[in-house]
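K.L.:
any chance you can model this:
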Amino acid sequence: MSTPKPLTGDDSIKTWLEHPVGGPIIRDMLAQAGQDPSVLRPVYRLALKRLVKLSKGQFSQQMVDDLVARAAAGDVPAAAAVAGEVDDASDEAVADAAGTPVERPEWVERLDQGRFAGKTVIVTGAGSGIGRATASRIAREGGRVVAVDVSQERLDEFAADHPGADIVTLVADITDDAKVAEIVGAAGERIDGLANIAGIMDDMTPIGELTDAVWQRVMRVNVDGTMKLMRAVVPTMLAKGSGSIVNTASEAALRGSAAGVAYTASKHAVVGLTKSTAFMYGPSGLRVNAVAPGPTITNIEASFASPLGAQRVRQAMAILPDAAEAEALAASITFLLSDDGVNVNGVVLASDGGWSAA
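P.N.:
Residues are numbered from 1 along each chain as shown. Here you go, the predicted model:
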């Protein structure tokens with residue numbers, strides 16, 4: 001019998017779970033926390049070390065080092081689950097023409113140097129998740145970024161990660177008219193793009209259980225904030241005869257089974273804002289599109305305030321594709337923002353791993 005290869009933090013979580021030593025160790029760790037391997041399904045293909053950043057402090061580098069050391073020492077817990085069983089991971093491999101399983105390669109971001117050179121782009125929600133990944137890509141492709149977020153700490157961290165890049169950071173509530181004016185002022189005389197990414201989730205309640213507080217909070221950020229930024233940048237874009245706006249819709253803008261009624265309605269409204277504005281200003285040189293993300297690894301967390309909502313949405317999630325990294329959504333958003341999207345206007349691009357095709 002061949003000796004399994006040593007595990008490292010660079011190996012995928014799926015590789016760890018399938019390993020005769022690593023699998024029992026991971027299962028034992030999860031069992032002690034009252035969880036099972038299915039909680040890792042959205043990130044099966046990511047390297048184990050990626051959990052350090054994604055877990056927001058719950059999984060440390062020391063924990064990765066300890067797991068690697070335990071695997072190297074063959075420290076298999078006696079009560080651990082049988083190795084080699086990966087829950088619900090059958091979709092992690094495809095078959096070649098002969099029917100032999102082939103592991104799908106991990107997507108690698110490839111930059112287009114200079115794609116945003118000379119352009120100024122406002123990105124909201126730039127402190128984390130999809131917003132941060134989008135702002136980062138624009139900055140690394142030569143653009144000037146006005147990075148907007150509600151957290152100064154997250155913005156400072158973002159700017160520190162991009163030394164030498166042309167980044168203006170601004171703490172702002174996008175529902176505040178004065179702050180919106182401040183954002184436009186920070187951009188200056190030229191605004192080439194707006195990535196409306198800041199948003200919040202609801203609590204998955206159906207309309208019979210919906211509170212006014214949840215409805216108003218979600219609509220204020222997802223709809224009012226999106227509208228206010230669009231309204232504010234349009235005059236500057238019209239003055240130069242060009243500009244690209246990309247709004248963040250959601251799979252909840254395309255179906256009724258992705259969230260509660262407030263979030264679903266808000267994202268349908270974002271599609272309406274997108275299509276109407278594209279129609280009105282297309283002849284004037286503006287392009288306005290939306291991206292509808294599917295499951296994505298971000299810092300927006302879903303909560304379930306309704307048993308019915310939880311039951312119905314979780315049932316629909318049985319057909320979810322793997323969660324994408326924020327950088328994969330940034331690739332779709334920057335395509336639409338850039339001149340590469342020159343002939344695309346008024347569309348809702350489902351960047352969802354095929355969820356909308358199910």
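K.L.:
and residue 332, how far is that from residue 307?
P.N.:
Going from residue 332 to residue 307 by C-beta to C-beta, to the nearest Å gives 35 Å. The way it works is simple: take the backbone N, C-alpha and C, and place the C-beta from them, glycine included.
K.L.:
and those two? Which one has more around it.
P.N.:
Between residue 332 and residue 307, counted using other C-beta atoms under 10 Å, the more crowded position is residue 332 (22 against 10).
K.L.:
so who does that one touch?
P.N.:
Neighbouring residues of residue 332 by C-beta atoms under 8 Å, 6 or more residues apart in numbering: 291, 349, 351.
K.L.:
can you map out the strands along the stretch 101-250 of the chain?
P.N.:
Assigned by DSSP state E, counting those that start in this stretch, the stretch 101-250 of the chain shows strands spanning 101-103, 120-124, 144-149, 167-171, 193-196, 243-248.
K.L.:
what lines up beside the fourth one in the sheet?
P.N.:
It refers to strand 167-171. Strands that pair with strand 167-171, judged by DSSP bridges, come out as strand 144-149 (parallel).
K.L.:
follow-up on the earlier one: as a markdown table, the strands of the stretch 101-250 of the chain with distance to residue 7, mean neighbour count and mean pLDDT would be great.
P.N.:
What follows is those, written out as a markdown table (distance: least, C-beta to C-beta, whole Å; neighbours: other C-beta atoms under 10 Å; pLDDT from 0 to 100):
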| stretch | distance to residue 7 | mean neighbour count | mean pLDDT |
| --- | --- | --- | --- |
| strand 101-103 | 16 | 11 | 61 |
| strand 120-124 | 37 | 27 | 98 |
| strand 144-149 | 36 | 27 | 98 |
| strand 167-171 | 38 | 19 | 98 |
| strand 193-196 | 38 | 30 | 98 |
| strand 243-248 | 37 | 27 | 98 |
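K.L.:
rebuild these as TSV, extending it with distance to residue 136.
P.N.:
Output for these, formatted as TSV (distance: least, C-beta to C-beta, whole Å):
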stretch	distance to residue 136
strand 101-103	28
strand 120-124	9
strand 144-149	8
strand 167-171	10
strand 193-196	12
strand 243-248	15
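K.L.:
what's the closest of these to residue 131?
P.N.:
The closest of the strands of the stretch 101-250 of the chain to residue 131 is strand 120-124. By C-beta to C-beta, the value is 5.7 Å.
K.L.:
ok and that closest one relative to strand 167-171, angle-wise?
P.N.:
30 degrees (axes from the mean of the first three to the mean of the last three C-alpha atoms, to 10 degrees).
K.L.:
just checking, what packs against strand 120-124?
P.N.:
Using 3 or more C-beta pairs under 8 Å, 6 or more residues apart in numbering; DSSP states H and E, the elements in contact with strand 120-124 are helix 129-140, strand 144-149, helix 177-187, strand 193-196, helix 226-240.
K.L.:
swap in 10 Å and give it another go.
P.N.:
Contact here means 3 or more C-beta pairs under 10 Å, 6 or more residues apart in numbering; DSSP states H and E; on that basis strand 120-124 packs against helix 129-140, strand 144-149, strand 167-171, helix 177-187, strand 193-196, helix 226-240, strand 243-248, helix 326-337.
K.L.:
can you pull the phi/psi pair for residue 52?
P.N.:
phi -60, psi -50 (degrees, to the nearest 10).
K.L.:
count of residues packed around the nearest residue to it once chain neighbours are set aside?
P.N.:
Excluding the flanking residues, the one nearest residue 52 by C-beta to C-beta, 6 or more residues apart in numbering is residue 61, at 5.2 Å. Using other C-beta under 10 Å, residue 61 is surrounded by 12 other residues.
K.L.:
so how far is residue 68 from residue 61?
P.N.:
11 Å.
K.L.:
pLDDT score for the closest residue in space to residue 107 that isn't next to it in sequence?
P.N.:
Closest residue to residue 107 apart from its sequence neighbours, by C-beta to C-beta, 6+ apart: residue 328 at 6.2 Å. Each residue has a pLDDT score; the one for residue 328 is 88.
K.L.:
how close does residue 328 sit to residue 246?
P.N.:
Distance from residue 328 to residue 246, counting by C-beta to C-beta: 15 Å.
K.L.:
ditto for residue 124
P.N.:
From residue 124 to residue 246 the distance is 11 Å (C-beta to C-beta).
K.L.:
over to residue 308?
P.N.:
Note on residue 308: its distance to residue 246, by C-beta to C-beta, is 34 Å.
K.L.:
what ranges in this protein fall below the confidence cut-off?
P.N.:
1-3, 39, 42, 54-57, 78-106, 295-306, 309-324, 354-358 (pLDDT under 70).
K.L.:
output the longest helix belonging to it.
P.N.:
helix 261-281 (DSSP state H).
K.L.:
figure out how far that one is from the centre of its chain.
P.N.:
Centroid separation for helix 261-281 versus its chain: 19 Å, with C-alpha atoms, centre = their mean, to the nearest Å.
K.L.:
tell me how far the lengthiest strand in the chain is from the chain's mean position?
P.N.:
The residue-count maximum for a strand in the chain (DSSP state E) belongs to strand 286-293. Centroid separation for strand 286-293 versus its chain: 15 Å, with C-alpha atoms, centre = their mean.
K.L.:
sheet-wise, list the partners of that strand with their directions.
P.N.:
Short version: by DSSP bridges, strand 286-293 pairs with strand 243-248 (parallel), strand 348-351 (parallel).
K.L.:
got JSON lines for the ones you listed, with distance to residue 18 too?
P.N.:
JSON lines is the format used below for these (distance: least, C-beta to C-beta, whole Å):
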{"stretch": "strand 243-248", "distance to residue 18": "35"}
{"stretch": "strand 348-351", "distance to residue 18": "29"}
